[in-house]
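Asks: turn this into a model:
(2 chains)
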Number of protein chains: 2
Amino acid sequence: MDESSYQRISMTLEEMAEHDRVFGALAQRTREFIDASLHTVVDHAEIEEVTAMLEAMTHRLTKEADPGYLGVKIGPDGSGRNHGNAVVGLRNPFAPPLRVEKTKDGTAFAAFRLGAAYEGPPDLVHGGVSALILDQMLGEAAAAGGAPGMTGRLNLTYRRPTPLGALSAKAWIHAVDGHKTTVKGHILGPDGEPTVEAEGLFILPRWAREAMAAAKAKKAGHAFE
Amino acid sequence: MDESSYQRISMTLEEMAEHDRVFGALAQRTREFIDASLHTVVDHAEIEEVTAMLEAMTHRLTKEADPGYLGVKIGPDGSGRNHGNAVVGLRNPFAPPLRVEKTKDGTAFAAFRLGAAYEGPPDLVHGGVSALILDQMLGEAAAAGGAPGMTGRLNLTYRRPTPLGALSAKAWIHAVDGHKTTVKGHILGPDGEPTVEAEGLFILPRWAREAMAAAKAKKAGHAFE
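Replies: You can find the predicted model right below:
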């Protein structure tokens, strides 16, 4: 990954909205299919027919394919499009997806539902899934507060089991020291009490710092033109 | 979750093998479909047809469904069946799945491949996915060494970016103190060098300790019959 990963897509706003509607629906129906596949008790013949159909559909999708990853693209409106992201990605069926509400002082909040696909111990959210969600939430808070970075350290404390079902998560910037941001957060159970607590250190890579400094210098230069 | 979650399934060995073949294939074809959906560039009409077919297939699967989660069941051969597990579950399309090689002195190793569905920053494994995999690996090492537990604490240090593609992970018991086990581990990049390091504390819940003590006492009692 470097600066060139963040490319602007060549679509109009209308094309982008239509693209997102079509591919967003595919991902959502895939999430529902996955959930159904973990609860179904239909007979083996039925499962095998569905499996064969799925294989044929995969062939249809791979007829024209881009071997690259979705990455992060910039929309015509300047919005970031991390559609492949494993937690918030519109197109990623693994992502619940979280819809994160952010504030400019560096807070993030999301209410979400975790079903059968996120199980670890019986009826409970996998401890690593809680870590996955908190890593994303802490990173979102850091970026929202103007102090973004990649995860450098992540410390998780599991206070109580997290049941599958309706949950929420919060994160907030604790301290900013140059290009290093300390963020805290937790997952809240259905009773609103924390189940898993996290503290993370997010570090902005050198290439990103240099790109941001260059953009700032260019902007300052324009002011004197 | 409590002791009653771990039920023995009522299948013969042959029925279990057939069940696992049929449902394992469904999950594997689903993983391939998800990957295809993240790489495809076929036109919108084609995506919408596939989406409609998928929705119809979900209805077929939900005609007979169990609202409960897969949990952990015990096979007729005494084997643990955590088929819904988000990292190692045979039936869970989210799980790569990891096939973990374990030793009785408390080590775990897995070689695996992470594709488009596990992306965070462009072309890189999501930091939270690395945490998810390490949580499972550390727990597997603890259990393999006869000192199992649920995650109490998990500390992650991100040394270098982890590229999507072929990876491996190792974990080993560092110390055992009563019902608390400290485990260490790391993810290794394609060059065999660690990218993410983890240290975790795994704690055996009281109900599990009591159940294990009762089973031990019963066994000792039998010896005197």
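
Asks: going forward, measure contacts between C-alpha atoms and count neighbours the same way
Replies: Will do.

Asks: where are the low-confidence patches of chain A?
Replies: Applying pLDDT under 70 to chain A flags residues A:1-5, A:219-225.

Asks: do stretch A:152-165 and chain B meet?
Replies: Yes: using C-alpha under 8 Å from any C-alpha of the partner chain, we find that stretch A:152-165 touches chain B at A:152-159.

Asks: out of those, which two sit at the greatest distance?
Replies: A:152 and A:159 (22.9 Å; C-alpha to C-alpha).

Asks: the two: which is more packed in?
Replies: Each of residue A:152 and residue A:159 has its neighbours counted (other C-alpha atoms under 10 Å in any protein chain shown); residue A:152 has more, 21 against 14.

Asks: so that one is in which element?
Replies: According to DSSP states H and E, residue A:152 maps onto strand A:150-158.

Asks: which helices and strands does the longest helix seen in chain A pack with?
Replies: When chain A is parsed with DSSP state H, its longest helix is helix A:13-39. The criterion is 3 or more C-alpha pairs under 8 Å, 6 or more residues apart in numbering or on different chains; DSSP states H and E, and the helices and strands that helix A:13-39 contacts are helix B:13-39, helix B:44-62.

Asks: and the longest one, how far out from the chain middle?
Replies: By that I understand helix B:13-39. 15 Å (C-alpha atoms, centre = their mean, to the nearest Å).

Asks: next: stretch A:139-159.
Replies: That offset, for stretch A:139-159, works out to 13 Å (C-alpha atoms, centre = their mean).

Asks: in that stretch, what counts as buried?
Replies: A:139-145, A:147-158 (16 or more other C-alpha atoms under 10 Å in any protein chain shown).

Asks: cool, and stretch A:164-184?
Replies: For stretch A:164-184, the neighbour count (16+ other C-alpha under 10 Å) marks A:164-165, A:167-174, A:176, A:180-184 as buried.

Asks: any chance you could map the helices in chain A?
Replies: Counting by DSSP H, the helices of chain A are A:13-39, A:44-62, A:127-144, A:206-223.

Asks: does stretch A:182-201 come close to chain B?
Replies: No: using C-alpha under 8 Å from any C-alpha, we find that stretch A:182-201 stays clear of chain B, coming within 9.2 Å at best.

Asks: and the contacts of that stretch?
Replies: With contact meaning C-alpha atoms under 8 Å, 6 or more residues apart in numbering or on different chains, stretch A:182-201 is reached by A:130, A:134-135, A:137-139, A:141-142, A:151-163, A:165-176, A:180-181, A:202.

Asks: what does stretch A:7-22 give?
Replies: Residues contacting stretch A:7-22 (C-alpha under 8 Å, 6+ apart): A:72-77, A:90, B:44, B:47-48.

Asks: by neighbours, which of those residues wins?
Replies: Counting by other C-alpha under 10 Å, top hit in these: residue A:90 with 26 neighbours.

Asks: my read is that that one contacts residue A:27, right?
Replies: Yes: counting by C-alpha atoms under 8 Å, residue A:90 touches residue A:27, with 7.2 Å between them.

Asks: save the helices and strands packed on helix A:13-39 as a markdown table, and put in distance to residue A:105 too.
Replies: Converted to a markdown table, these look like this (distance: least, C-alpha to C-alpha, whole Å):
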| stretch | distance to residue A:105 |
| --- | --- |
| helix B:13-39 | 34 |
| helix B:44-62 | 39 |
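
Asks: tell me which of those helices is the most buried.
Replies: helix B:13-39 (a mean of 19; mean count of other C-alpha atoms under 10 Å in any protein chain shown).

Asks: distance check, residue A:162 against residue A:206.
Replies: Counting by C-alpha to C-alpha, to the nearest Å, the separation of residue A:162 from residue A:206 is 37 Å.

Asks: which of those two has more neighbours?
Replies: For the pair residue A:162 and residue A:206, the greater number of neighbours falls to residue A:162 (22 against 11), based on other C-alpha under 10 Å.

Asks: neighbouring contacts of the biggest strand by length in chain A?
Replies: Longest among the strand segments of chain A by residue count, using DSSP state E, is strand A:165-177. The contact list for strand A:165-177, computed with C-alpha under 8 Å, 6+ apart, reads A:105-115, A:134, A:137-138, A:141-142, A:145, A:147, A:181-190.

Asks: name the strands paired with it and say parallel or antiparallel.
Replies: Paired neighbours of strand A:165-177 in the sheet (DSSP bridges): strand A:107-114 (antiparallel), strand A:180-188 (antiparallel).

Asks: got the angle between that strand and helix A:127-144?
Replies: 50 degrees (axes from the mean of the first three to the mean of the last three C-alpha atoms, to 10 degrees).

Asks: for residue A:105, what are its contacts?
Replies: So residue A:105 contacts A:144-145, A:173 (C-alpha under 8 Å, 6+ apart).

Asks: which of these lies closest to chain B?
Replies: residue A:144 (16.3 Å; C-alpha to the nearest C-alpha).

Asks: residues touching that closest one, list them.
Replies: With the criterion set at C-alpha under 8 Å, 6+ apart, residue A:144 makes contact with A:102-108.

Asks: name the member of those that has the highest neighbour count.
Replies: Most surrounded of the contacts of residue A:144: other C-alpha under 10 Å gives residue A:108, at 27 neighbours.

Asks: identify the residue nearest it in space, chain neighbours excluded?
Replies: Nearest in space to residue A:108, with sequence neighbours left out and distances taken as C-alpha to C-alpha, 6 or more residues apart in numbering or on different chains, is residue A:102 at 4.5 Å.
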